[in-house]
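> here's my sequence, what's the structure:
(2 chains)
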There are 2 protein chains.
Amino acid sequence: VDRRRFLTTLGAAALPWRAHGGDLPHTDAARLRSHLERLSEFGRPPGGTFADGVSRIAYTQADIGGRAYVMSLMRDAGLAPRIDPAGNIFARLQSSTNEPARQPANLPILVGSHIDSVPNGGNFDGDLGSLAAIEAVRMLTSTGVRTRHPLEVVVWAEEEGAAYGRSLSGSRAVVGELPSSELELVVDGVTKGDAIRRIGGDPSRLEAARRQPASLHTYLELHIEQGGTLEKSGVPIGVVEGIVSIERLDVTVRGFANHAGTTPMGERQDALVAAAQLILAIREIVTRVPGRQVGTVGKLEVAPNATNVIPGTVKHTIDLRDLDASKLTRIATDIRERAAAIAAATRTEIEVARVTHHDPALAAPGVQQAIASSAEALGLKWMRMPSGAGHDAQMAARLGPMGMIFVPSVGGISHSPRELTTWEDCARGADVLLRTILAVDQADSVRSLL
Amino acid sequence: VDRRRFLTTLGAAALPWRAHGGDLPHTDAARLRSHLERLSEFGRPPGGTFADGVSRIAYTQADIGGRAYVMSLMRDAGLAPRIDPAGNIFARLQSSTNEPARQPANLPILVGSHIDSVPNGGNFDGDLGSLAAIEAVRMLTSTGVRTRHPLEVVVWAEEEGAAYGRSLSGSRAVVGELPSSELELVVDGVTKGDAIRRIGGDPSRLEAARRQPASLHTYLELHIEQGGTLEKSGVPIGVVEGIVSIERLDVTVRGFANHAGTTPMGERQDALVAAAQLILAIREIVTRVPGRQVGTVGKLEVAPNATNVIPGTVKHTIDLRDLDASKLTRIATDIRERAAAIAAATRTEIEVARVTHHDPALAAPGVQQAIASSAEALGLKWMRMPSGAGHDAQMAARLGPMGMIFVPSVGGISHSPRELTTWEDCARGADVLLRTILAVDQADSVRSLL
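Numbering: from 1, shown residues only, chains lettered A, B, ... in the order given. As a prediction, this is how the structure comes out:
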C-alpha cells in the first residue's frame, strides 16, 4: 500500500480539524452503543436480547419504529429529517455551513447508510453507519465546528431487498433506477408502492426522488466489513477501493433420470455427477490466479430429487465478484470451456447463461486518501480492500465522489444474529468517519477528489 | 456363465411339455399385446394414447378399474380370483392338477406381478408379468396340459409405493412385514387401511393375509429389466440371480453459511464444495472394483440455498446396491473414510448415517436353471443378471424357491411413459415363463430347486 502517495494530496499537516483549534474529541463509544442497543429493540425477536439480532424487514412495523427512533436522534443532533418520495430519510444540518447552501456549486457532503435488515440479521449491518453519521453531526454541532459544504445525513430505504427481493431500492430510486413496474410487486397482498407509502414515501412522485449526477461533493458510508479480512489482519480500518463487479450465471445440467438400481454405472448420464465436477472446477478456476476474486455456487436444485433415481437435471447459480470486471469475464469464459468439456465427458448437456452483470463502483481516490489520512492521524492501522457486498454507496457513486470505511466483523459473520463488531471498533470507525468528513470538506472541488 | 451345469440338473431332454405330446404353441403375441393395450386405458392421461403411459397409482379408481379388468381375464382363463385381506388378488386354477390340492406337501406354484404404477409410469412394469401369468394359465388349459402342482396367479397390491410411500405393501403383508401402524398413514384424508378396503381388502384381518415359509413350491415373476443391459447385449432373456441388497445412507455436510461477496476463498467452509468432492468420491469408490454394484446420490438439498450465500449445510442420500451385501459394507466403509478426509480438507463436518439396509433375496439355483433351460429349448439367448430394482419376488422368496425372468427395456428406460419392451420380447418372456412353470413342476421337492 502506497501510503505516502495517499497522504501527500490532502496532507496530514493540512488536516482540517487542526484549523478548528486542536484535536476533536473521540466519539462517545458508550453513547453510540446505547443508540445501537436501543435501535436493536425494533425488530428484536420476542423475549430476546441484543444478542438475538434483529428482523427489521423494510416497510414493516419494526422498520417504521426504527425509522422514527432514528429521526428523533437526527433532530437531537440538529438535523431536519424529511422523507423523499422513495422513502429515504434525508436530513440536512441546519446552518451547517458558513457559505450559502443554495449556491449550486456548494454541493453537500452526504453521509449515511440503512437500518433495514435481513430476516434474523444482525445489529451492525447498516445500523452502525446510520447512527455514526448522526453522531458525527452531533459532534460537530456540539464542538461548534462548521463545515464549508452543507452536511446531509441519509438513511436509505430497503437496502437489503428482504421485503420485495430487490435490494438498494431507495438508492436506486435516487439515481432513477427503480422502474415503476417494481412498484407493482405484491408480497402478502401489499404492493411495493403501498409499502413505500407506509414508511412515508410517495411512489406517485417517484421521479421527484431523483438527484442528479455531480450533485454531491462527497458520499461517505461507514459499514461493517461482513468478511473476516480486517479481523484476521489485526487492522481496525478498511479503506474501500470500490464495490465489486458481480457476474451472475445460471447453469442447467441435463442428464437422464433413470433407475438407481437398474442402470449400470457405465450407462449413466448423471446430472449431479457432472454438476459436482463443475462446482469443483469453478473453485479451481477462481482460485488459480492471485487476487481477491470470489466465486460461489450458492443455490442448487436437483430433479427429480429422489433417493432411488439418478439425477436427470441439476440447476445451479454461479456468483462471481471482483473489482475488475474484465477478470470476471475471463473467469466466466474459462468456466464455459470447462463446462463444455465436462458435458462431453459425462454425456450431459450443460448450459451456462448470464443472468445479470453489475459493473464495479469505484471509490474516488481522493476520498480513499482522506479516509487513510484520517486513520493515520488517529494512529489507526488501515488497509485497502474491495467491498464484496453491494451497498447503497454504489448508487451514490453516480452522484459524486464516493468513499466507504469498513470496520472489522468478528469471525467475518454477517446477516446473522451472531454479526458482531466490538464497541471499540465501532467508535474507531465513527472517529474516522467524522475526520474524513472534515478532510473532504477541505477540498474545493469535486475534481480534486476524483 | 456355466450353462452346462445348469442344464444337467433338469435336463433339456426331460423338459415336461415333451411328455404332453410335442412342443407347446408359442404365446399369442397379438393377444398379449391387446390385453396390455386394454389394461393401459385404466390410468391413461386424458386424451392420451398407449404411448402416453399410465398413472395407475395403487388404490385409485384407475387401479380399481385395472384390477377388475385383470380379474375378468383371470376368469376367462379358468382362474378363480379372490382378494386377500391385504388387497392382493390370488387366483387358483380350478382343477389344475391331477393330485389332490389339499395335500400339504403338494405346494402351489405361484406366478404373477403387479399392475399399479408410479405417476407418469409405463405400460410394462408389472403389467407384463401379471398378464403373461394369466396367458400362461390360459395356454395350459387350452392345450389340456395339467401340472402336478396347483397353479396360482397373483397380482400384488401396491408394489410401487406411490400411494403411501411404502413399496411392496401387498407382498410384505403376506410375509408379515406390513406393520399395523402403516395402516394409519393418511394421504389426502384417507388412511392406508381404508385405501386397502377400497380395493376389496380387509385390513382388520391383515394377519390372515400371511402365508407361511416353505408354503410355495416356486414363485415366478416375469418383469421388464428396467435397465439397458439386455438390450445392449442383444440378449432377450435375463435369468435373475437375485434382488440386490440395498444400503441407504444419509449424509449431512455442515460448513458455515456466509456472505458470497465478502468471504475470501481461503476462509470458506463451503458445504457444497465438500459435498461435490464426496459425490465424485462415491462414484470412484463404487466403480474402482469390477462388478455390477451401483451407487447413486439421487437427492440433495442445500441450505440456505441462496445465490449470494455460501452453502452452510448440504444433505444428500446415498443408495448402494449389489447382490453381495458384504461388498456394500466395504464400499460404505470406504465412503465413510473418504468423507472424514474431505471434511478435514474442507473444514466441514460430514456425518454419514445408515438409514436402511435390505439383505439380498437370491433366486433359487434350480429355478434359475429351469429358466435358462427353457430359454435354451426355445433357442433364445439368455444371461444371468442381478435385479437392481426391488420386486415383490424378494418377499415371495421367503415362502419358497424364487425365480425371475427379465426381458429387455428399450433404452433401459423405466418409470416413464417412454418405458418400452417390444411385443416380440414380451411374447418371448411369456414363452419362457410358461415353460419354466412346467420345468419346475417336474421337480418333486422344494429342496431340489434350492
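> okay, CA-based contacts and neighbour counts for the rest of this
Noted.
> now the nearest residue to A:Pro150 once chain neighbours are set aside: phi and psi?
Excluding the flanking residues, the one nearest A:Pro150 by CA to CA, 6 or more residues apart in numbering or on different chains is A:Pro108, at 4.5 Å. Backbone torsions for A:Pro108, taken as degrees, to the nearest 10, come to phi -80, psi 150.
> can you give me every residue that contacts A:Pro108?
Residues in contact with A:Pro108, defined by CA atoms under 8 Å, 6 or more residues apart in numbering or on different chains, are A:149-152, A:215-218.
> again, 7 Å this time
For A:Pro108, the contacting residues are A:149-152, A:216-217, by CA atoms under 7 Å, 6 or more residues apart in numbering or on different chains.
> so which of the residues you listed is the most crowded?
A:His149 (28 neighbours; other CA atoms under 10 Å in any protein chain shown).
> you'd agree it is up against A:Ile109?
Yes. Shown here, A:His149 and A:Ile109 form a contact pair, counting by CA atoms under 7 Å, at 6.4 Å.
> A:Gly261 belongs to a strand, doesn't it?
No. Using DSSP: H, G, I helix; E, B strand; the rest coil, the assignment for A:Gly261 is coil, not a strand.
> not counting its neighbours along the chain, what's nearest it?
B:Gly388 is the one closest to A:Gly261 (CA to CA, 6+ apart), at 4.0 Å.
> before we move on, what about A:Ile64?
With CA to CA, 6+ apart, the residue lying closest to A:Ile64 is A:Ile199, at 6.0 Å.
> quick one, what contacts the residue of the stretch 351-450 of chain A found nearest chain B?
With CA to the nearest CA, the shortest gap between the stretch 351-450 of chain A and chain B falls at A:Gly388, namely 4.0 Å. A:Gly388 makes contact with A:243-244, A:321, B:261-262 under the criterion CA under 7 Å, 6+ apart.
> need those in CSV (columns: pLDDT, distance to B:Thr60 and neighbour count).
Below are the contacts of A:Gly388 laid out as CSV (pLDDT from 0 to 100; distance: CA to CA, whole Å; neighbours: other CA atoms under 10 Å in any protein chain shown):
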residue, pLDDT, distance to B:Thr60, neighbour count
A:Ile243, 97, 58, 28
A:Val244, 97, 57, 26
A:Arg321, 97, 53, 30
B:Gly261, 93, 51, 28
B:Thr262, 91, 53, 26
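> between the residues you listed, which is closest to B:Pro360?
Using CA to CA, B:Gly261 comes nearest to B:Pro360 of those, at 49.3 Å.
> I'd say that closest one and A:Ala389 touch.
Yes. Using CA under 7 Å, B:Gly261 makes contact with A:Ala389 at a distance of 5.0 Å.
> any regions of the stretch 1-150 of chain A where pLDDT drops low?
Across the stretch 1-150 of chain A, the ranges flagged by pLDDT under 70 are A:1-23, A:95-105.
> leaving out chain neighbours, which residue sits closest to A:Glu152?
A:Arg92 (4.4 Å).
> which SS class is the one you found?
A:Arg92 - assigned by three-state DSSP - is strand.
> show me the beta-bridge partners of it.
A:Ala80, A:Glu152 (DSSP bridges).
> was I right about it contacting A:Leu79?
Yes. The criterion here is CA under 7 Å, and A:Arg92 meets it with A:Leu79 at 5.4 Å.
> of the two, which one has the most company?
Higher neighbour count among A:Arg92 and A:Leu79: A:Leu79, with 25 against 21, using other CA under 10 Å.
> what about the closest residue to A:Ala363 other than its chain neighbours, neighbour count?
In space, and not counting its chain neighbours, A:Ala363 is closest to A:Gly242: 4.6 Å by CA to CA, 6+ apart. Neighbour count for A:Gly242, taken as other CA under 10 Å: 28.
> and A:Gly242, which of the three is it?
strand.
> in contact with it, which residues?
So A:Gly242 contacts A:323, A:360-363, A:386-387 (CA under 7 Å, 6+ apart).
> that one and A:Arg166, how far apart?
21 Å (CA to CA, to the nearest Å).
> just A:Ala276 next, same as before
30 Å.
> pull out the buried residues from stretch A:182-201.
A:183, A:191-197, A:199-201 (16 or more other CA atoms under 10 Å in any protein chain shown).
> in strands, which of the residues you listed appear?
Among those, the members falling in strands are A:Thr191 (criterion: DSSP state E).
> do the helix ranked longest in chain A and chain B meet?
The longest helix of chain A (DSSP state H) is helix A:325-346. No. Helix A:325-346 is not in contact with chain B by CA under 7 Å from any CA of the partner chain; minimum separation 12.0 Å.
> gap between that helix and the chain center?
29 Å (CA atoms, centre = their mean, to the nearest Å).
> which other helices and strands contact that helix?
helix A:271-287, strand A:313-322, strand A:349-358 (3 or more CA pairs under 7 Å, 6 or more residues apart in numbering or on different chains; DSSP states H and E).
> nearest to chain B, out of these?
helix A:271-287 (4.4 Å).
> and the helix or strand following the closest one, how far out from the chain middle?
Later in the chain than helix A:271-287, the nearest helix or strand by DSSP states H and E is strand A:294-296. How far strand A:294-296 lies from its chain's middle: 17 Å, per CA atoms, centre = their mean.
> could you do stretch A:159-170 as well?
Distance, centroid of stretch A:159-170 to centroid of chain: 12 Å (CA atoms, centre = their mean).
> can you map out the helices along chain A?
A:3-10, A:29-39, A:61-76, A:127-143, A:169-174, A:192-198, A:229-233, A:271-287, A:325-346, A:365-377, A:393-396, A:423-441.
> ok, and for the third one, which residues are buried?
Of the residues in helix A:61-76, those buried by neighbour count under the rule 16+ other CA under 10 Å are A:62-67, A:70-71, A:73-74.
> tally of neighbours for the closest residue in space to A:Gly126 that isn't next to it in sequence?
In this structure, A:Gly126 finds its nearest non-sequential neighbour in A:His114, 4.6 Å apart by CA to CA, 6+ apart. Using other CA under 10 Å, the number of residues around A:His114 comes to 29.
> now the one 5 residues further on
The criterion is other CA under 10 Å. On that basis, A:Pro119 has 18 neighbouring residues.
> backbone phi and psi for it, please?
Torsion angles, degrees, to the nearest 10, at A:Pro119: phi -60, psi 140.
> that one contacts A:Ser55, correct?
Yes. With contact defined as CA under 7 Å, A:Pro119 reaches A:Ser55; the gap is 4.6 Å.
> for the residue lying farthest from the centre of chain A, give me its contacts.
Distance to the chain centre peaks in chain A at A:Thr262, reaching 51.0 Å (criterion: CA atoms, centre = their mean). Counting by CA under 7 Å, 6+ apart, A:Thr262 touches B:226-227, B:387-389.
> for A:Val155, give me its contacts.
A:88-90, A:112-115, A:130.
> among these, which are in strands?
A:89-90, A:112-114.
> could you give the number of residues near A:Arg31?
12.
> distance of it relative to A:Glu152?
21 Å.
> likewise for A:Ala51?
31 Å.
> skipping its backbone neighbours, what lies nearest A:Gly53 in space?
Nearest to A:Gly53 is A:Pro417, by CA to CA, 6+ apart, at 4.0 Å.
> the one you found contacts A:Asn120, correct?
Yes. Using CA under 7 Å, A:Pro417 makes contact with A:Asn120 at a distance of 6.0 Å.
> shared neighbours of those two, anything?
A:53-54.
> from chain B, how far off is the residue nearest to A:Asp324 when sequence neighbours are not counted?
Leaving aside its sequence neighbours, A:Asp324 sits nearest to A:Ser245 (CA to CA, 6+ apart; 6.7 Å). From A:Ser245 across to chain B, the span is 10 Å (CA to the nearest CA, to the nearest Å).
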